[in-house]
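Visitor: how would this look folded up:
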Amino acid sequence: MVVSKCHGLLLFFILMLFSENCEAIDTVRYNVSHKFVDPKQTYYVDLLRLALEKSTPEYGPYQLIENPLEDTPQARTLDLLAKADLIDVHWSMTSIKREQKLGTVYIPLLKGMMGARIFIIHKDLQSRLKKHQYATALLDYRFGSGNDWPDSKVYAFNSLTVETAGAQNLLKMLEQKRFDLFPRALHEPWSEVVGHPKLQIDSRFGLCYPSAMYFFVNKNNHRLRKRLTDGLHRAINDGSFDQLFSHHPITKDALKNGYFEKRKVLKLRNPNMSIRTRDTLHSGRYTWQPLAECVKPSL
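Guide: Residues are numbered from 1 along each chain as shown. Here you go, the predicted model:
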């Protein structure tokens, strides 16, 4: 009996020691498409990994898992996230509805650059655009945008004529001249025009509105939301966030070649922007400097 009790105590202490040294691993699943390959997604994956790395001292190890959901529209992906089904995090342009539906990490991943837009156009249109002196001339053109993109509501709210379709169809529609201007965030069009000889990036105009790209998680996943928030804040404080933003292949060339501050820019209002996002952008801490005028509350 004495031996049995000793063995039981020994086993208990071994289990206690094992449990104290065996940390739980945060599993983080995200979605990218292999069917419609988008090089721009590497920026968000790298930033996600940076946030998880920076938060490891407090939250422990993690496992980042790519879970491809082929041909899944953005709205459907966010629905899956809301149901905690198949994925744990997604990055998307924000809206009031999305912030109400999901857990939001209130740190703009692109420092507001999602609202800095330049245009993919048909090459036949460039000579006509060069004749305009003011950005208000853009009001007379037809814009293309995705069915489930918050941008579409921004354009309609500002009385622009908008043709909407599935994201994968928009470049083909532009080649067919079914609309005139395809607004893309400053980092987006450079790779998208490759392989489309009829299309080019307009050299003179742009538009802007206050906007933010956020990480979203399930509403009840408080640990992951807090972990990503803390990790991104640490990256901002130690400079590694700005280092990634300034030197990542996806954003580096856009900052260099987009010369947004030299363009004639049409300023729009964003009805989908929450008060918290407005205040976050207006604080200046998270905003790319050339967009300072675009994120003022008066817009």
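Visitor: where do the helices sit along the stretch 51-200 of the chain?
Guide: Taking DSSP state H, counting those that start in this stretch as the criterion, the stretch 51-200 of the chain carries its helices at 56-59, 74-82, 96-101, 126-129, 150-157, 170-175, 189-192.
Visitor: and of the ones you listed, who's closest to residue 254?
Guide: helix 189-192 (6.7 Å; C-beta to C-beta). (C-beta placed from N, C-alpha, C; glycine too.)
Visitor: mind giving me the domain ranges of the chain?
Guide: Domain assignment for the chain, taken from automatic domain parsing, gives 24-113+211-261+272-291, 114-208.
Visitor: and the shortest one, what's its mean pLDDT?
Guide: So that's domain 114-208. Throughout domain 114-208, pLDDT has a mean value of 95.
Visitor: Could you check how far the nearest residue to residue 150 once chain neighbours are set aside is from residue 269?
Guide: Using C-beta to C-beta, 6 or more residues apart in numbering and skipping residues adjacent in sequence, the residue nearest residue 150 is residue 95, 4.3 Å away. To residue 269, residue 95 is 14 Å away according to C-beta to C-beta, to the nearest Å.
Visitor: mind checking how far whatever helix or strand residue 279 lives in is from the chain centre?
Guide: For residue 279, the host element (DSSP states H and E) is helix 275-282. Computed by C-alpha atoms, centre = their mean, to the nearest Å, the chain-centroid distance of helix 275-282 equals 16 Å.
Visitor: what's that helix in contact with?
Guide: Outside helix 275-282, the residues that touch it by C-beta atoms under 8 Å, 6 or more residues apart in numbering are 94, 99, 106-108, 112, 210, 212, 286-287, 295-297.
Visitor: Now it - C-alpha only, CSV.
Guide: Extracted C-alpha coordinates of helix 275-282, given in CSV (Å, rounded to 0.1, in the frame of the first residue of the first chain):
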residue,chain,number,x,y,z
ILE,A,275,-16.3,56.5,-35.6
ARG,A,276,-13.5,54.3,-34.1
THR,A,277,-11.9,53.8,-37.5
ARG,A,278,-12.2,57.5,-38.3
ASP,A,279,-10.5,58.4,-35.0
THR,A,280,-7.8,55.7,-35.5
LEU,A,281,-6.9,57.0,-38.9
HIS,A,282,-7.1,60.7,-37.8
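Visitor: Tell me how many other residues crowd the residue nearest to residue 150.
Guide: 22 (other C-beta atoms under 10 Å).
Visitor: What residues does it make contact with?
Guide: 150, 153, 272, 273.
Visitor: which of these are buried?
Guide: The neighbour-count criterion (16 or more other C-beta atoms under 10 Å) marks 150, 153, 272, 273 among the contacts of residue 95 as buried.
Visitor: Test my guess that the first one contacts residue 93.
Guide: Going back to what we said before, that points to residue 150. Yes - using C-beta atoms under 8 Å, residue 150 is in contact with residue 93, at 5.1 Å.
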